[in-house]
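> pasting the structure only:
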């Protein structure tokens, strides 16, 4: 659960950084980071949902 929370926080942070930067390479880089991290968060949430529904212990 903590990894998913961290990933969603990073997504928000990167998105905020991209909006605060002037348009250009740096802003685009943070947009890409936000998009990538959002994908990670989505995958983590999907796995967490499966684990919770199956009540699997690790």
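Arrived safely, thanks for sending. Since this is a predicted model, take the numbers as computed values, not measurements.
> and residue 53, what element?
helix 25-54 (DSSP states H and E).
> in the protein, which ranges drop under the pLDDT threshold?
Along the chain, the model assigns pLDDT under 70 to residues 55-58.
> and residue 23, helix, strand or coil?
Put simply, residue 23 is coil when judged by DSSP: H, G, I helix; E, B strand; the rest coil.
> What is the burial count for it?
For residue 23, the count of nearby residues is 8 (other Cβ atoms under 10 Å). The way it works is simple: take the backbone N, C-alpha and C, and place the C-beta from them, glycine included.
> sorry, back to before: residues of the helix holding residue 53 that come out buried?
Within helix 25-54, the residues that count as buried by 16 or more other Cβ atoms under 10 Å are 30-31, 33-34, 37-38, 40-41, 44.
> Next: stretch 12-26.
Using 16+ other Cβ under 10 Å as the test for burial, stretch 12-26 gives 14-15, 17-18.
> tell me which of those residues is nearest to residue 6?
Among the buried residues of stretch 12-26, residue 14 lies closest to residue 6 (Cβ to Cβ), at 12.4 Å.
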